[in-house]
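In: please find the sequence and the predicted model below.
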Amino acid sequence: MKVGVWFYGLGTALTGILDIAWGDFDASHQPIQSLGKNFPGQHLLAYVAGVWLFAAGLAILWRRSTRMGAAASAIVYLIFMALWLPRYYAGIHAYGWRIDVLLGISFGLAQQVFLVAPAAIVFASTASPESLLQRRAAIAARWMLGLPPIVFGLFHLAAIHVFASIVPQWMQFGNFWAVLTGIAFVLAGSAICSGIMDVLAARLLALMLLLFEGFVEIPPIFIRLHNEKTWGAAVYNLTAIGACWIFAEFLTSRADRGRIGPASNVAMSRPDPVVA
C-alpha cells in the first residue's frame, strides 16, 4: 500500500498547508459556513485544522506513527463530513425537495466519507489480525469507499450540464464525457460494494481520477493561481487517488480476501497476519 499511502498522506498534508496559507477553509470540501456565515474564530480554526491535517498527513507516512496518523486523518475528515449535514436542512428549506439539491449536498458529504475509508484501512492493517475492531473497520472501509462513487455518478447524471462545463474545450462533446464519467463512477462503486472485480474497479477508478488530475484539476491552477477552491480540488483529487490505491493494494495483499468481504464471509473466516 506504500504508493497509495504516499498519495493519501501527501494529499492530506497539502490540504493542511492550503488551510494555513489562506487562513480559511476550502468551502467546497470543508463547509464551515454551514455553522454560520460569521462563525466566531473561523480563521483560528482554519489554522488549527491546517496544522492537524499537515501533522496527520506526515504521521501516516512514517511507520511508527502510521496508526496515529490514520486515526487523526479519519477524525478530521469525519468532522468535515458532519459539516455537510446542516446543508440538507438549509438546501431543502431554500429550494424544496429537489433531487439535484439532495444529490449535490450528498456529493459533498460523500467526498469526505471517501477519505475516511483509507484511514480505516491503514488503521486496520496495523491492528492485531485477531482484533474484532480490525475486521469491522475493514468491512466499513469497503462501504465507505464504494458508496461515494455511486453518489458521484448519480450527481453527474443529474447535473450533466454542470460537469459538461468543466470538460476541457479541446475534448468537445462535454455532455458525452459527463455521462460516461457518471456511469463509470456508478459501476466502480457498485463493484467495490459487491466485491465483484473490486480490485480492478478500484484501480480503474484511481486511473480515471489521475486523468482528471492532469486534464481537469491542474490546468485551472495556472489561470486562478490565488484561488483556494482551485487548489483544493486538485489536492482533494490527489488524496482520493491514494484512497483507491490503498484499497486495491490492501485487497491484493490478503491471502484471505473474505476478511473484508461481506459480513457473512467475514464471520466464517479467520484473518491472516498483516502483510506490510
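Out: Yes, it's here.
In: low-scoring stretches of the stretch 51-200 of the chain, by residue?
Out: Scanning the stretch 51-200 of the chain for pLDDT under 70 picks out the ranges 126-131, 133-134.
In: repeat that for 80
Out: Applying pLDDT under 80 to the stretch 51-200 of the chain flags the ranges 124-138.
In: what segments of it are helices?
Out: Assigned by DSSP state H, counting those that start in this stretch, the stretch 51-200 of the chain shows helices spanning 66-83, 85-95, 99-126, 132-158, 160-164, 174-194, 198-212.
In: out of those helices, which is closest to residue 250?
Out: helix 99-126 (5.2 Å; CB to CB). Yep, even glycine has a C-beta here, placed from its N, CA and C like the rest.
In: what's the closest non-adjacent residue to residue 166?
Out: residue 216 (6.1 Å; CB to CB, 6 or more residues apart in numbering).
In: how close does that neighbour sit to residue 234?
Out: Note on residue 216: its distance to residue 234, by CB to CB, to the nearest Å, is 9 Å.
In: go ahead and confirm residue 15 touches residue 57.
Out: Yes - the pair residue 15 / residue 57 is scored as a contact, 7.4 Å apart, by CB atoms under 8 Å.
In: neighbour count for the two, which is higher?
Out: residue 15 (30 against 24; other CB atoms under 10 Å).
In: ok, the more buried one to residue 115 distance?
Out: To residue 115, residue 15 is 9 Å away according to CB to CB.
In: need the overlap of contacts for the two.
Out: The contact sets of residue 15 and residue 115 overlap at residue 239 (CB atoms under 8 Å, 6 or more residues apart in numbering).
In: so what touches stretch 196-203?
Out: Applying CB under 8 Å, 6+ apart, the external contacts of stretch 196-203 come out as 142, 145-146, 187-188, 191-192, 244-245, 247-248, 251-252.
In: which two of these have the greatest separation?
Out: Maximum distance among the contacts of stretch 196-203 (CB to CB): 19.9 Å, for 187 and 252.
In: which one of those two has more residues nearby?
Out: Between residue 187 and residue 252, residue 187 has the larger neighbour count (other CB under 10 Å), namely 17 against 13.
In: ok, and the closest non-adjacent residue to that one?
Out: With CB to CB, 6+ apart, the residue lying closest to residue 187 is residue 201, at 7.3 Å.
In: was I right to think residue 49 contacts residue 76?
Out: Yes - if you go by CB under 8 Å, residue 49 and residue 76 touch, sitting 6.6 Å apart.
In: report the distance from stretch 33-48 to the chain centre.
Out: 23 Å (CA atoms, centre = their mean, to the nearest Å).
In: next one: stretch 67-86
Out: Taking mean C-alpha positions (CA atoms, centre = their mean), stretch 67-86 and its chain are 11 Å apart.
In: go on, stretch 22-36?
Out: For stretch 22-36, the distance to the chain centre is 17 Å (CA atoms, centre = their mean).
In: go through it and flag the buried ones.
Out: 22, 24, 25, 26, 29, 30, 31, 32, 33, 34 (16 or more other CB atoms under 10 Å).
In: over to stretch 80-100?
Out: 80, 81, 83, 84, 87, 91.
In: end-to-end on that stretch?
Out: Start-to-end span of stretch 80-100 (CA to CA, to the nearest Å) is 21 Å.
In: starting at the chain centroid, how far to it?
Out: Relative to its chain's centre, stretch 80-100 lies at 20 Å (CA atoms, centre = their mean).
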